[in-house]
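Chemist: Structure of the sequence below:
(chains A and B)
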Number of protein chains: 2
Amino acid sequence: MYEKTLSTKHVYKGRILDLDVLEVELTNGVTSMREVVRHHGAVAALCVLPDGRLVLVKQYRKAAERIFLEVVAGLIEEGEDPEDCARREIKEETGYTVDAIEKLISFYPSPGYVDETIQVYLAHLHPAADVLALDHDEHIEVVVLTREEMRRQVATGEICDGKTLVAWLLGEKRIEPDA
Amino acid sequence: MYEKTLSTKHVYKGRILDLDVLEVELTNGVTSMREVVRHHGAVAALCVLPDGRLVLVKQYRKAAERIFLEVVAGLIEEGEDPEDCARREIKEETGYTVDAIEKLISFYPSPGYVDETIQVYLAHLHPAADVLALDHDEHIEVVVLTREEMRRQVATGEICDGKTLVAWLLGEKRIEPDA
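Modeler: Prediction:
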(Lines give C-alpha, C1' and ligand atoms only; values in the text may rest on other atoms or scores of the structure.)
Protein backbone atom coordinates (compact mmCIF):
# COMPACT_ATOMS: atom_id res chain seq x y z
CA MET A 1 0.00 0.00 0.00
CA TYR A 2 1.91 3.02 -1.30
CA GLU A 3 1.63 5.87 -3.78
CA LYS A 4 4.72 6.78 -5.77
CA THR A 5 5.23 10.45 -6.66
CA LEU A 6 5.56 10.87 -10.43
CA SER A 7 5.67 14.68 -10.43
CA THR A 8 5.22 17.62 -8.05
CA LYS A 9 3.95 21.07 -8.93
CA HIS A 10 4.49 23.75 -6.28
CA VAL A 11 1.33 25.83 -6.66
CA TYR A 12 1.71 28.19 -3.70
CA LYS A 13 4.28 29.04 -1.02
CA GLY A 14 2.80 31.07 1.81
CA ARG A 15 2.99 32.16 5.41
CA ILE A 16 1.45 29.24 7.30
CA LEU A 17 1.02 26.79 4.43
CA ASP A 18 2.19 25.72 0.98
CA LEU A 19 0.19 23.87 -1.66
CA ASP A 20 1.57 21.14 -3.93
CA VAL A 21 -0.24 19.19 -6.63
CA LEU A 22 1.22 15.72 -7.13
CA GLU A 23 0.82 13.14 -9.82
CA VAL A 24 0.97 9.70 -8.16
CA GLU A 25 1.01 6.07 -9.18
CA LEU A 26 -0.83 3.52 -7.04
CA THR A 27 0.51 -0.02 -6.55
CA ASN A 28 -2.08 -1.29 -9.08
CA GLY A 29 -0.55 0.97 -11.75
CA VAL A 30 -3.39 3.52 -11.78
CA THR A 31 -2.22 7.15 -11.85
CA SER A 32 -4.06 9.95 -10.08
CA MET A 33 -3.50 13.45 -8.70
CA ARG A 34 -3.27 14.47 -5.06
CA GLU A 35 -3.65 18.01 -3.73
CA VAL A 36 -1.42 18.34 -0.68
CA VAL A 37 -1.31 21.25 1.78
CA ARG A 38 2.06 21.50 3.58
CA HIS A 39 2.01 22.88 7.11
CA HIS A 40 4.80 23.11 9.72
CA GLY A 41 2.76 21.60 12.54
CA ALA A 42 1.17 22.88 15.70
CA VAL A 43 0.65 22.23 19.38
CA ALA A 44 -2.57 22.27 21.40
CA ALA A 45 -2.96 22.19 25.17
CA LEU A 46 -5.89 21.38 27.42
CA CYS A 47 -5.21 23.80 30.30
CA VAL A 48 -6.42 22.96 33.81
CA LEU A 49 -6.41 25.27 36.84
CA PRO A 50 -5.66 23.91 40.34
CA ASP A 51 -9.42 24.09 41.11
CA GLY A 52 -10.18 21.81 38.12
CA ARG A 53 -11.61 24.48 35.82
CA LEU A 54 -10.42 24.69 32.22
CA VAL A 55 -8.84 27.70 30.52
CA LEU A 56 -9.87 28.07 26.88
CA VAL A 57 -9.58 30.79 24.29
CA LYS A 58 -12.19 32.35 22.07
CA GLN A 59 -11.28 33.73 18.66
CA TYR A 60 -12.65 34.51 15.24
CA ARG A 61 -11.56 32.02 12.59
CA LYS A 62 -11.68 33.63 9.17
CA ALA A 63 -11.68 30.30 7.27
CA ALA A 64 -14.97 29.31 8.93
CA GLU A 65 -16.27 32.91 9.36
CA ARG A 66 -17.25 32.31 12.98
CA ILE A 67 -16.05 32.46 16.56
CA PHE A 68 -14.62 29.28 18.12
CA LEU A 69 -14.00 28.30 21.71
CA GLU A 70 -10.78 26.26 21.58
CA VAL A 71 -7.96 24.90 23.65
CA VAL A 72 -4.78 26.98 23.50
CA ALA A 73 -2.89 26.23 20.30
CA GLY A 74 -0.19 27.64 18.10
CA LEU A 75 2.29 26.99 15.35
CA ILE A 76 5.66 25.43 16.16
CA GLU A 77 8.48 27.81 15.28
CA GLU A 78 11.53 26.69 13.28
CA GLY A 79 13.61 24.40 15.51
CA GLU A 80 11.33 24.85 18.53
CA ASP A 81 10.67 21.94 20.90
CA PRO A 82 6.91 21.18 20.84
CA GLU A 83 6.58 21.16 24.64
CA ASP A 84 8.39 24.53 24.88
CA CYS A 85 6.03 25.77 22.18
CA ALA A 86 3.02 24.68 24.25
CA ARG A 87 4.37 26.48 27.35
CA ARG A 88 5.04 29.61 25.29
CA GLU A 89 1.60 29.65 23.66
CA ILE A 90 -0.13 29.12 27.01
CA LYS A 91 1.77 32.07 28.50
CA GLU A 92 1.15 34.32 25.48
CA GLU A 93 -2.53 33.51 24.98
CA THR A 94 -3.73 33.13 28.60
CA GLY A 95 -1.09 34.78 30.81
CA TYR A 96 -0.72 31.61 32.88
CA THR A 97 2.49 29.68 33.47
CA VAL A 98 2.64 25.89 33.49
CA ASP A 99 3.30 23.88 36.67
CA ALA A 100 3.23 20.45 34.99
CA ILE A 101 2.67 19.25 31.46
CA GLU A 102 2.20 15.84 29.86
CA LYS A 103 1.79 14.70 26.27
CA LEU A 104 -1.60 13.23 25.36
CA ILE A 105 -1.19 12.38 21.67
CA SER A 106 0.17 13.49 18.35
CA PHE A 107 -2.44 13.40 15.57
CA TYR A 108 -3.17 14.44 12.00
CA PRO A 109 -6.21 16.76 11.77
CA SER A 110 -6.80 16.17 8.02
CA PRO A 111 -4.48 13.49 6.62
CA GLY A 112 -6.51 13.27 3.41
CA TYR A 113 -4.93 16.49 2.11
CA VAL A 114 -2.74 18.12 4.81
CA ASP A 115 0.56 16.88 6.28
CA GLU A 116 0.08 18.84 9.53
CA THR A 117 0.47 17.08 12.87
CA ILE A 118 -0.78 18.52 16.16
CA GLN A 119 1.03 17.57 19.38
CA VAL A 120 -1.55 17.63 22.16
CA TYR A 121 -0.70 18.28 25.82
CA LEU A 122 -2.47 18.35 29.16
CA ALA A 123 -1.13 21.35 31.11
CA HIS A 124 -1.66 22.02 34.79
CA LEU A 125 -1.46 25.78 35.28
CA HIS A 126 -0.04 27.88 38.09
CA PRO A 127 -2.97 29.77 39.67
CA ALA A 128 -1.69 33.33 39.09
CA ALA A 129 -2.09 34.81 35.61
CA ASP A 130 0.11 37.47 34.05
CA VAL A 131 -0.70 39.88 31.22
CA LEU A 132 -1.15 38.47 27.71
CA ALA A 133 1.42 38.79 24.93
CA LEU A 134 -0.58 38.30 21.74
CA ASP A 135 0.69 38.64 18.19
CA HIS A 136 -0.31 41.99 16.63
CA ASP A 137 -2.91 40.29 14.40
CA GLU A 138 -4.42 38.04 17.09
CA HIS A 139 -7.59 38.93 18.96
CA ILE A 140 -8.11 36.34 21.65
CA GLU A 141 -10.35 36.24 24.72
CA VAL A 142 -9.64 33.93 27.67
CA VAL A 143 -12.64 31.88 28.86
CA VAL A 144 -12.69 29.76 32.03
CA LEU A 145 -15.15 26.84 32.09
CA THR A 146 -16.03 24.23 34.67
CA ARG A 147 -15.72 20.66 33.41
CA GLU A 148 -19.51 20.34 33.58
CA GLU A 149 -19.86 23.39 31.30
CA MET A 150 -17.27 21.88 28.95
CA ARG A 151 -19.15 18.57 28.80
CA ARG A 152 -22.38 20.40 28.02
CA GLN A 153 -20.81 22.50 25.25
CA VAL A 154 -19.34 19.37 23.65
CA ALA A 155 -22.71 17.59 23.90
CA THR A 156 -24.59 20.50 22.29
CA GLY A 157 -22.02 20.86 19.50
CA GLU A 158 -21.06 24.41 20.53
CA ILE A 159 -17.48 23.20 20.89
CA CYS A 160 -16.72 21.92 17.42
CA ASP A 161 -13.02 22.42 16.80
CA GLY A 162 -11.22 19.14 16.11
CA LYS A 163 -8.10 19.63 18.27
CA THR A 164 -10.26 20.88 21.17
CA LEU A 165 -12.44 17.75 20.97
CA VAL A 166 -9.42 15.44 20.83
CA ALA A 167 -7.64 17.24 23.71
CA TRP A 168 -10.75 17.29 25.90
CA LEU A 169 -11.96 13.74 25.20
CA LEU A 170 -8.50 12.28 25.86
CA GLY A 171 -7.58 14.68 28.66
CA GLU A 172 -10.84 14.44 30.63
CA LYS A 173 -9.96 10.90 31.69
CA ARG A 174 -6.56 12.03 33.01
CA ILE A 175 -7.83 14.87 35.22
CA GLU A 176 -8.88 13.99 38.76
CA PRO A 177 -12.63 13.52 39.26
CA ASP A 178 -14.71 16.63 39.93
CA ALA A 179 -14.39 17.79 43.54
CA MET B 1 -14.83 39.78 17.37
CA TYR B 2 -14.79 39.75 13.57
CA GLU B 3 -12.45 40.03 10.59
CA LYS B 4 -13.64 42.01 7.61
CA THR B 5 -12.51 40.83 4.16
CA LEU B 6 -10.72 43.65 2.33
CA SER B 7 -9.68 41.60 -0.70
CA THR B 8 -9.68 38.00 -1.94
CA LYS B 9 -7.16 36.41 -4.28
CA HIS B 10 -8.16 33.04 -5.72
CA VAL B 11 -4.82 31.25 -5.86
CA TYR B 12 -5.95 27.76 -6.86
CA LYS B 13 -9.14 25.97 -7.91
CA GLY B 14 -8.79 22.21 -7.74
CA ARG B 15 -10.47 18.86 -7.42
CA ILE B 16 -11.07 18.50 -3.68
CA LEU B 17 -9.97 21.97 -2.53
CA ASP B 18 -9.45 25.59 -3.54
CA LEU B 19 -7.04 28.09 -1.98
CA ASP B 20 -7.81 31.76 -1.35
CA VAL B 21 -5.53 34.39 0.15
CA LEU B 22 -7.49 37.11 1.93
CA GLU B 23 -6.54 40.53 3.22
CA VAL B 24 -8.54 41.14 6.40
CA GLU B 25 -9.11 43.96 8.87
CA LEU B 26 -9.50 43.13 12.57
CA THR B 27 -11.88 45.07 14.80
CA ASN B 28 -8.88 46.97 16.23
CA GLY B 29 -8.06 48.30 12.74
CA VAL B 30 -5.00 46.07 12.19
CA THR B 31 -4.82 44.50 8.73
CA SER B 32 -3.43 41.03 8.11
CA MET B 33 -3.55 38.19 5.58
CA ARG B 34 -5.31 34.83 5.95
CA GLU B 35 -4.64 31.76 3.86
CA VAL B 36 -7.92 29.85 3.51
CA VAL B 37 -8.39 26.38 2.05
CA ARG B 38 -11.95 25.83 0.74
CA HIS B 39 -13.33 22.30 0.94
CA HIS B 40 -16.83 20.95 0.25
CA GLY B 41 -17.10 18.99 3.48
CA ALA B 42 -17.06 15.34 4.40
CA VAL B 43 -18.71 12.67 6.48
CA ALA B 44 -17.16 10.10 8.81
CA ALA B 45 -18.81 7.07 10.41
CA LEU B 46 -17.85 4.89 13.34
CA CYS B 47 -19.16 1.51 12.12
CA VAL B 48 -20.23 -1.13 14.63
CA LEU B 49 -21.12 -4.75 13.88
CA PRO B 50 -23.92 -6.53 15.80
CA ASP B 51 -21.23 -8.34 17.85
CA GLY B 52 -19.76 -5.00 18.98
CA ARG B 53 -16.64 -5.09 16.80
CA LEU B 54 -15.68 -2.03 14.76
CA VAL B 55 -15.19 -1.87 11.00
CA LEU B 56 -12.39 0.46 9.97
CA VAL B 57 -10.47 1.09 6.77
CA LYS B 58 -6.76 1.19 6.11
CA GLN B 59 -5.34 3.37 3.36
CA TYR B 60 -2.24 5.20 2.25
CA ARG B 61 -2.49 8.96 2.71
CA LYS B 62 -0.17 10.72 0.32
CA ALA B 63 -0.17 14.03 2.25
CA ALA B 64 1.32 12.31 5.30
CA GLU B 65 3.21 9.62 3.29
CA ARG B 66 1.96 6.83 5.55
CA ILE B 67 -0.80 4.29 6.06
CA PHE B 68 -3.70 5.24 8.38
CA LEU B 69 -6.34 3.15 10.08
CA GLU B 70 -9.46 5.33 9.97
CA VAL B 71 -13.20 5.30 10.32
CA VAL B 72 -15.06 5.21 7.01
CA ALA B 73 -15.16 8.69 5.48
CA GLY B 74 -15.76 10.46 2.22
CA LEU B 75 -16.55 13.70 0.49
CA ILE B 76 -20.13 14.90 0.27
CA GLU B 77 -21.23 15.15 -3.36
CA GLU B 78 -23.00 18.22 -4.75
CA GLY B 79 -26.50 18.35 -3.24
CA GLU B 80 -26.10 15.06 -1.36
CA ASP B 81 -27.65 14.60 2.09
CA PRO B 82 -24.82 13.94 4.59
CA GLU B 83 -26.52 10.89 6.11
CA ASP B 84 -27.10 9.40 2.64
CA CYS B 85 -23.45 10.11 1.92
CA ALA B 86 -22.41 8.20 5.06
CA ARG B 87 -24.55 5.20 4.04
CA ARG B 88 -23.11 5.32 0.52
CA GLU B 89 -19.49 5.53 1.69
CA ILE B 90 -19.98 2.68 4.17
CA LYS B 91 -21.39 0.47 1.40
CA GLU B 92 -18.68 1.42 -1.09
CA GLU B 93 -15.68 1.15 1.25
CA THR B 94 -16.70 -1.82 3.44
CA GLY B 95 -19.47 -3.66 1.57
CA TYR B 96 -21.78 -3.46 4.60
CA THR B 97 -25.25 -1.90 4.67
CA VAL B 98 -26.50 0.21 7.55
CA ASP B 99 -29.25 -0.97 9.91
CA ALA B 100 -29.36 2.19 12.05
CA ILE B 101 -27.44 5.45 12.03
CA GLU B 102 -27.25 8.43 14.38
CA LYS B 103 -25.41 11.74 14.21
CA LEU B 104 -22.66 12.24 16.78
CA ILE B 105 -21.34 15.71 15.94
CA SER B 106 -20.40 18.11 13.20
CA PHE B 107 -16.90 19.54 13.63
CA TYR B 108 -14.17 21.56 11.94
CA PRO B 109 -10.93 19.57 11.60
CA SER B 110 -8.70 22.64 11.04
CA PRO B 111 -10.64 25.91 11.45
CA GLY B 112 -7.43 27.93 11.54
CA TYR B 113 -7.06 27.65 7.76
CA VAL B 114 -9.73 25.29 6.30
CA ASP B 115 -13.52 25.80 6.10
CA GLU B 116 -14.21 22.04 5.96
CA THR B 117 -16.76 20.51 8.31
CA ILE B 118 -17.03 16.78 8.98
CA GLN B 119 -20.42 15.31 9.92
CA VAL B 120 -19.75 12.35 12.20
CA TYR B 121 -22.11 9.39 12.53
CA LEU B 122 -22.39 6.20 14.56
CA ALA B 123 -23.58 3.45 12.22
CA HIS B 124 -24.86 0.03 13.25
CA LEU B 125 -24.14 -2.36 10.38
CA HIS B 126 -26.09 -5.27 9.01
CA PRO B 127 -23.99 -8.42 9.60
CA ALA B 128 -23.67 -9.54 5.95
CA ALA B 129 -21.12 -7.76 3.78
CA ASP B 130 -21.30 -7.34 0.02
CA VAL B 131 -18.48 -6.69 -2.46
CA LEU B 132 -16.72 -3.31 -2.37
CA ALA B 133 -17.27 -0.53 -4.90
CA LEU B 134 -14.17 1.63 -4.63
CA ASP B 135 -13.25 4.61 -6.78
CA HIS B 136 -10.67 3.69 -9.43
CA ASP B 137 -7.92 5.59 -7.57
CA GLU B 138 -8.76 4.28 -4.09
CA HIS B 139 -6.91 1.39 -2.50
CA ILE B 140 -8.65 0.54 0.75
CA GLU B 141 -8.46 -2.46 3.06
CA VAL B 142 -11.22 -3.29 5.54
CA VAL B 143 -10.03 -3.99 9.11
CA VAL B 144 -12.25 -5.32 11.90
CA LEU B 145 -11.17 -4.50 15.46
CA THR B 146 -12.56 -5.35 18.88
CA ARG B 147 -13.22 -2.33 21.06
CA GLU B 148 -10.35 -3.40 23.31
CA GLU B 149 -8.00 -3.40 20.30
CA MET B 150 -9.32 0.05 19.33
CA ARG B 151 -8.70 1.41 22.84
CA ARG B 152 -5.16 0.05 22.78
CA GLN B 153 -4.39 1.54 19.35
CA VAL B 154 -5.69 4.94 20.48
CA ALA B 155 -3.62 4.72 23.70
CA THR B 156 -0.42 3.83 21.82
CA GLY B 157 -0.95 6.58 19.24
CA GLU B 158 -1.20 4.12 16.32
CA ILE B 159 -4.63 5.55 15.57
CA CYS B 160 -3.83 9.19 14.95
CA ASP B 161 -6.35 10.50 12.43
CA GLY B 162 -8.42 13.38 13.85
CA LYS B 163 -11.88 12.34 12.61
CA THR B 164 -11.27 8.75 13.76
CA LEU B 165 -10.34 9.96 17.27
CA VAL B 166 -13.39 12.25 17.47
CA ALA B 167 -15.76 9.54 16.16
CA TRP B 168 -14.38 6.88 18.50
CA LEU B 169 -14.09 9.00 21.65
CA LEU B 170 -17.65 10.32 21.25
CA GLY B 171 -19.11 7.08 19.89
CA GLU B 172 -17.56 4.71 22.44
CA LYS B 173 -19.87 6.07 25.14
CA ARG B 174 -22.96 5.43 22.97
CA ILE B 175 -22.21 1.79 22.18
CA GLU B 176 -23.43 -0.82 24.66
CA PRO B 177 -20.79 -2.04 27.14
CA ASP B 178 -18.55 -4.93 26.02
CA ALA B 179 -20.30 -8.28 26.23
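Chemist: what's the next secondary structure element after the lengthiest helix in chain A?
Modeler: Ranked by residue count under DSSP state H, the longest helix found in chain A is helix A:82-94. The C-terminal neighbour of helix A:82-94 among helices and strands, as given by DSSP states H and E, is strand A:96-107.
Chemist: Could you give the number of residues near the residue nearest to A:Glu172 when sequence neighbours are not counted?
Modeler: Spatial nearest neighbour of A:Glu172, chain neighbours left out: A:Arg147 (7.1 Å); criterion: Cβ to Cβ, 6 or more residues apart in numbering or on different chains. Where you see a C-beta, it was placed from the backbone N, CA and C, and this is true even at glycine. By other Cβ atoms under 10 Å in any protein chain shown, 16 other residues sit near A:Arg147.
Chemist: is it true that A:Arg147 touches A:Arg53?
Modeler: Yes. Counting by Cβ atoms under 8 Å, A:Arg147 does reach A:Arg53; the two are 7.4 Å apart.
Chemist: Report the outermost residue of chain A with respect to its centre.
Modeler: A:Gly29 (36.7 Å; Cα atoms, centre = their mean).
Chemist: Got the phi and psi for it?
Modeler: phi 90, psi -10 (degrees, to the nearest 10).
Chemist: Against B:Glu65, how distant is it?
Modeler: 20 Å (Cβ to Cβ, to the nearest Å).
Chemist: Next: A:Ile101.
Modeler: Separation of A:Ile101 from B:Glu65 (Cβ to Cβ): 29 Å.
Chemist: more crowded one of those two?
Modeler: Of the pair A:Ile101 and B:Glu65, A:Ile101 is the one with more neighbours under other Cβ under 10 Å, namely 16 against 13.
Chemist: if I pick the more buried one, what's in contact with it?
Modeler: Under the criterion of Cβ atoms under 8 Å, 6 or more residues apart in numbering or on different chains, the contact list for A:Ile101 reads A:Ala45, A:Glu83, A:Ala86, A:Arg87, A:Tyr121, A:Leu122, A:Ala123, A:His124.
Chemist: For the first one, the count of nearby residues, please.
Modeler: Pointing back at A:Ala45 there. Using other Cβ under 10 Å, A:Ala45 is surrounded by 30 other residues.
Chemist: my read is it is in a helix, agree?
Modeler: No. Counting by DSSP: H, G, I helix; E, B strand; the rest coil, A:Ala45 is not found in a helix; it is strand.
Chemist: wait, doesn't it sit right on A:Ile90?
Modeler: Yes. In terms of Cβ under 8 Å, A:Ala45 counts as a neighbour of A:Ile90; the distance is 5.7 Å.
Chemist: hey, what's in contact with both of these two?
Modeler: Common neighbours of A:Ala45 and A:Ile90 (Cβ under 8 Å, 6+ apart) are A:Val72, A:Ala123.
Chemist: ok, the residue nearest to A:Glu172 to chain B distance?
Modeler: 15 Å (Cβ to the nearest Cβ, to the nearest Å).
Chemist: Now do the contacts for that residue.
Modeler: If a contact means Cβ under 8 Å, 6+ apart, then A:Arg147 has A:Gly52, A:Arg53, A:Leu54, A:Glu172, A:Ile175, A:Asp178 as its contacts.
Chemist: Which helix or strand contains A:Ala167?
Modeler: Using DSSP H and E, A:Ala167 falls within helix A:162-171.
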